[in-house]
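In: model this:
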Amino acid sequence: MPSESVPNLADKYRKEFSVFQNLHYLNSCSQGALANSVKRGLAEYVETMEIHGSSWGEWAGYQERARESVSTFFAVPKHEVAITTSVSAAISAVASALDFTGVRKKIVLTENDFPTSGQIWHAQEIRGATVVHAPANPDGTVNMGALLEMIDTETALVCISHICFRNGIRTELEPIIEAAKKVGALVMIDAYQSVGSVPIDINELRPDFLVGGTLKYLLGVPGTAFLYARSETTSELIPTTTGWFAARDIFTMGIHEYDPATDARRFESGTPAVPSLYPAVAGLEIINSIGINDIYAYVSGIHNAIREGLESLGASIVTPRDPIKHGAMLAIASRDQNAHVAALEEYKVITSCRDGNVRISPHFYNDDSDVEAVVSAFAKTRELLA
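Out: Residues are numbered from 1 along each chain as shown. Here you go, the predicted structure:
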């Protein structure tokens, strides 16, 4: 449970999430719980259509509000933030800006990356890229020694998942970024499983790119993601995957030349997923008002309490115990992951699964009653524990 020195965030915010009237929701690694203000954001978009029919001025303004909210969250300039429809769109735009005809052909990945990353970067092999994967250690963590050896003067970019979607394992970023900088390689952080749950100091880490989205711990819905592009090291990269919202002036409607924006907007594409921008802004407003450090401290207590309860049942927890090696998620080995998730749902405990593990992912709206419900449900489904 959270310590007495940590604010009880669930006491203050849980009532804003109506799902808890019916369920014990612990699946934020897939989709954040729906807040009342986020629901109102969706209704507000519908209202613009009912009242105005078309409201492009307001819709474009909401994209800028999303950009502002992301820049506030990371404490970075707005001109270094692109708003995209997905992390796939963000990574693809960056990939299209890289030239694989020279010496730097290598893309370095790990075994803990999300399929989006692996598939997009392997697709660049058609364009001349060479893609390598750093192996994992027996405990699932990235083999840091092997990874660092792969980063050399032929490396164009290193793409790292901060937290693995399968097991909640967190990878240390500092030595990777340092090694890449020494040889002039770029670094992209896939922070989808960490934004909103784990503090990330972009200004201290100084990655070249960072991608993430709003539908998980940032409480939004599918359709809004973002790309941070550090001006100092990425300004010369011009994507060829593009669209009219990536133009220097989107209202010129030019069709006879390619005139991309000079800031991070050049990594955007066509018409944004406007309906998702409203809830994205509402969710980010909640997270920014609470503060990521308080969220992290509070959720760490919930995480540890669930771990202790499940260990008392003899569960095999795949996620490392060391707090610097995991995020909010706990992964529990299961004999039948899909049957296990379904069995837990019978007890109104909502989880998800990947790679033979049941994933439990608490957030600031979870409390002691959720901890007790999870442990109780696992006790009743003990036969499914691996």
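In: for the helix or strand that contains Ala10, packing partners?
Out: Assigned by DSSP states H and E, Ala10 falls within helix 9-13. If you count contacts as 3 or more Cβ pairs under 8 Å, 6 or more residues apart in numbering; DSSP states H and E, helix 9-13 packs onto helix 274-290, helix 292-311. All C-beta atoms are positioned from the backbone trio N, CA, C, and that covers glycine.
In: Just want the angle from the first one to helix 292-311.
Out: When you say that, I think you mean helix 274-290. 90 degrees (axes from the mean of the first three to the mean of the last three Cα atoms, to 10 degrees).
In: residues touching Lys12, list them.
Out: Counting by Cβ atoms under 8 Å, 6 or more residues apart in numbering, Lys12 touches no other residue.
In: Okay, it and Phe20: tell me how far apart.
Out: 13 Å (Cβ to Cβ, to the nearest Å).
In: again with Ala273
Out: 28 Å.
In: May I ask which helix or strand encompasses the nearest residue to Val274 once chain neighbours are set aside?
Out: What sits nearest to Val274 in space, not counting adjacent residues and going by Cβ to Cβ, 6 or more residues apart in numbering, is Trp59, at 4.6 Å. According to DSSP H and E, Trp59 maps onto helix 56-74.
In: list the buried ones in that helix?
Out: 59-60, 62-63, 65-67, 69-71, 73-74 (16 or more other Cβ atoms under 10 Å).
In: can you check stretch 346-363 too?
Out: Here stretch 346-363 shows 347, 349-354, 356-363 as buried, counting by 16+ other Cβ under 10 Å.
In: Same question for stretch 135-146.
Out: 136, 140-142, 144.
In: Same question for stretch 279-294.
Out: 279-287, 290, 292.
In: any chance of these in a markdown table, plus distance to Val94?
Out: Below are the buried residues of stretch 279-294 laid out as a markdown table (distance: Cβ to Cβ, whole Å):
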| residue | distance to Val94 |
| --- | --- |
| Pro279 | 26 |
| Ala280 | 21 |
| Val281 | 24 |
| Ala282 | 28 |
| Gly283 | 25 |
| Leu284 | 22 |
| Glu285 | 28 |
| Ile286 | 29 |
| Ile287 | 25 |
| Ile290 | 30 |
| Ile292 | 25 |
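In: from these, which two are the most distant?
Out: Among the buried residues of stretch 279-294, the pair separated by the greatest distance (Cβ to Cβ) is Pro279 and Ile292, at 19.3 Å.
In: joint contacts of Lys12 and Phe20?
Out: With Cβ under 8 Å, 6+ apart, Lys12 and Phe20 have no common neighbours.
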